[in-house]
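Asks: Starting from these lines, generate the structure:
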Amino acid sequence: MAKALYIHWPFCAKKCPYCDFNSHVRERVDASVWRDALLADIRHEAALAGGEPLHSIFFGGGTPSLMPPSLVEALLSEAEALWGFDANIEITLEANPSSVEAANFAALAGAGINRVSLGVQSLEDDILQFLGRLHGANEALDAVATAQRHFDRVNIDLIYARPGQAAEDWTAELNRALALGTDHMSLYQLTIEPNTRFATDVRRGVFTPLDDDPAGDLYVLTQEVMNAAGLPAYEISNHAKPGQESRHNLTYWRYQDYCGIGPGAHGRQGGVATERHKKPENFLAAVAEHGHGIKHQRTLSAGEQASEALLMGLRLVEGVDLSTLEARFRIPTADLINSERIALHSELGLLSRTGNRITVTPAGMPLLDALLGEIVADGLVTA
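Replies: Numbers count the residues shown, from 1 in each chain. I've put the predicted structure just below:
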């Protein structure tokens with residue numbers, strides 16, 4: 001049974017040019033309408049997936065820090081009444097480091113949030129302007145300090161491998177970020193996603209993305225700096241002090257069940273995949289008509305589940321245990337993986353196999369997407 005709940009708030013003050021998440025800009029958002037709709041969506045999920053107390057809740061977006069704290073409190077109160085909370089529950093909210101949103105941190109902590117993830121993205125004003133962010137570097141520093149006063153745990157996001165970025169500049173920025181003293185950092189390489197403004201800019205020649213080789217060098221540099229600072233990677237882009245890993249995200253990567261509510265949210269429950277309507281207005285209409293926002297729902301085959309578990313689990317430094325997957329999905333190990341390709345990439349130092357456990361090595365992590373395409377056995381998703 002699910003022990004994790006994801007709540008999606010789809011609204012932003014501005015759409016960032018690199019963002020392909022389900023986020024929307026609206027001139028006005030009626031909090032009372034969204035309160036009723038999200039509560040209905042939660043009740044629908046709880047009726048299907050009651051049971052164990054929740055061990056994590058994650059408010060993602062969009063920009064959840066734009067939510068009225070009273071709405072956050074109402075959703076948490078309902079979730080606790082429906083599921084109950086684990087004594088050590090992790091309740092995370094994504095936030096932008098603008099002064100307006102930081103002013104809500106005390107109220108959000110009072111509502112029950114105990115972990116915040118700040119979209120700092122850079123500590124350089126010119127880079128923040130390039131990335132389309134609404135905050136400046138000093139505002140970001142102030143927001144981190146405010147968050148550390150109000151929340152038990154703080155994560156900051158940074159984006160690197162930017163056009164023309166030099167290794168010495170990234171090292172200096174990364175060390176400045178480490179000096180802030182957060183226990184978790186999410187470090188993402190800039191990716192030009194389809195259907196974003198950056199994709200249009202690249203097509204028009206406005207800027208040229210960093211080439212793969214220097215981007216790969218920056219990835220290696222990142223691992224070295226973070227390891228030396230005591231925040232090693234536990235997932236390809238996520239670093240934490242031991243014991244401070246995001247419990248919620250580990251639920252996804254370890255392919256455990258979770259409920260997802262709100263526009264565009266996905267869920268996995270007992271082999272059933274759910275997806276909510278993405279457009280806010282369509283989501284509201286679906287809830288009004290059906291009592292939930294589900295657009296698609298289907299039972300996944302054992303092969304599809306095993307494939308997803310492999311694709312998610314190999315993002316983690318801990319890798320995956322094939323015997324566990326074999327027992328869980330009742331698929332022989334020989335049908336889960338391409339052993340010849342694993343042997344080849346192990347010889348090349350990109351993978352490691354010890355008994356039944358497969359891990360992607362530090363050298364292989366920058367090539368993860370390509371490796372995953374070769375590791376998973378052909379035809380597994382139709383098993």
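
Asks: how about residue 209, secondary structure?
Replies: Residue 209 falls in the coil class when you classify it by DSSP: H, G, I helix; E, B strand; the rest coil.

Asks: in the stretch 101-250 of the chain, which spans are helices?
Replies: Secondary structure of the stretch 101-250 of the chain, counting by DSSP state H, counting those that start in this stretch: helices at 105-111, 125-130, 137-150, 167-178, 197-204, 212-228, 247-253.

Asks: packing partners for the third one?
Replies: In terms of contact count using 3 or more C-beta pairs under 8 Å, 6 or more residues apart in numbering; DSSP states H and E, helix 137-150 is assigned the packing partners helix 99-102, helix 105-111, strand 115-121, helix 125-130, strand 153-160. All C-beta atoms are positioned from the backbone trio N, CA, C, and that covers glycine.

Asks: which residues does the closest residue to residue 152 other than its chain neighbours contact?
Replies: Spatial nearest neighbour of residue 152, excluding adjacent residues (C-beta to C-beta, 6 or more residues apart in numbering): residue 114 at 4.8 Å. With contact taken as C-beta atoms under 8 Å, 6 or more residues apart in numbering, residue 114 is in contact with 89, 90, 91, 151, 152, 153.

Asks: These: which two are farthest apart?
Replies: By the measure C-beta to C-beta, 89 and 151 form the most distant pair in the contacts of residue 114, at 13.7 Å.

Asks: that older thread, what would the helices of the stretch 101-250 of the chain look like in JSON lines with distance to residue 98, mean neighbour count and mean pLDDT?
Replies: Below are these laid out as JSON lines (distance: least, C-beta to C-beta, whole Å; neighbours: other C-beta atoms under 10 Å; pLDDT from 0 to 100):
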{"stretch": "helix 105-111", "distance to residue 98": "11", "mean neighbour count": "18", "mean pLDDT": "96"}
{"stretch": "helix 125-130", "distance to residue 98": "11", "mean neighbour count": "16", "mean pLDDT": "97"}
{"stretch": "helix 137-150", "distance to residue 98": "6", "mean neighbour count": "19", "mean pLDDT": "96"}
{"stretch": "helix 167-178", "distance to residue 98": "18", "mean neighbour count": "16", "mean pLDDT": "98"}
{"stretch": "helix 197-204", "distance to residue 98": "20", "mean neighbour count": "14", "mean pLDDT": "97"}
{"stretch": "helix 212-228", "distance to residue 98": "26", "mean neighbour count": "16", "mean pLDDT": "96"}
{"stretch": "helix 247-253", "distance to residue 98": "24", "mean neighbour count": "21", "mean pLDDT": "96"}
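
Asks: May I see these arranged in JSON lines, with distance to residue 339 as well?
Replies: Shown next, in JSON lines, are the helices of the stretch 101-250 of the chain (distance: least, C-beta to C-beta, whole Å):
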{"stretch": "helix 105-111", "distance to residue 339": "49"}
{"stretch": "helix 125-130", "distance to residue 339": "44"}
{"stretch": "helix 137-150", "distance to residue 339": "46"}
{"stretch": "helix 167-178", "distance to residue 339": "38"}
{"stretch": "helix 197-204", "distance to residue 339": "38"}
{"stretch": "helix 212-228", "distance to residue 339": "27"}
{"stretch": "helix 247-253", "distance to residue 339": "23"}
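
Asks: And those helices: which comes nearest residue 365?
Replies: Each of the helices of the stretch 101-250 of the chain has some distance to residue 365 by C-beta to C-beta; the shortest is helix 212-228, at 7.2 Å.

Asks: and of the helices of the stretch 101-250 of the chain, who's closest to residue 324?
Replies: Each of the helices of the stretch 101-250 of the chain has some distance to residue 324 by C-beta to C-beta; the shortest is helix 247-253, at 13.9 Å.

Asks: Work out the gap between the following helix or strand past the closest one and the centre of the chain.
Replies: Downstream of helix 247-253, the next assigned helix or strand under DSSP states H and E is strand 259-261. Here strand 259-261 is found 14 Å from its chain centre; the criterion is C-alpha atoms, centre = their mean, to the nearest Å.

Asks: other SSEs contacting strand 259-261?
Replies: So strand 259-261, by 3+ C-beta pairs under 8 Å, 6+ apart, packs with strand 4-9, helix 31-48, strand 266-269, strand 272-276.

Asks: mean confidence for it?
Replies: Computed over strand 259-261, the mean pLDDT rounds to 97.

Asks: Show the buried residues in the contacts of residue 114.
Replies: Among the contacts of residue 114, those classed as buried by neighbour count (16 or more other C-beta atoms under 10 Å) are 89, 90, 91, 151, 153.

Asks: Closest one of the residues you listed to residue 9?
Replies: Among the buried ones among the contacts of residue 114, and counting by C-beta to C-beta, the member closest to residue 9 is residue 91, at 14.2 Å.
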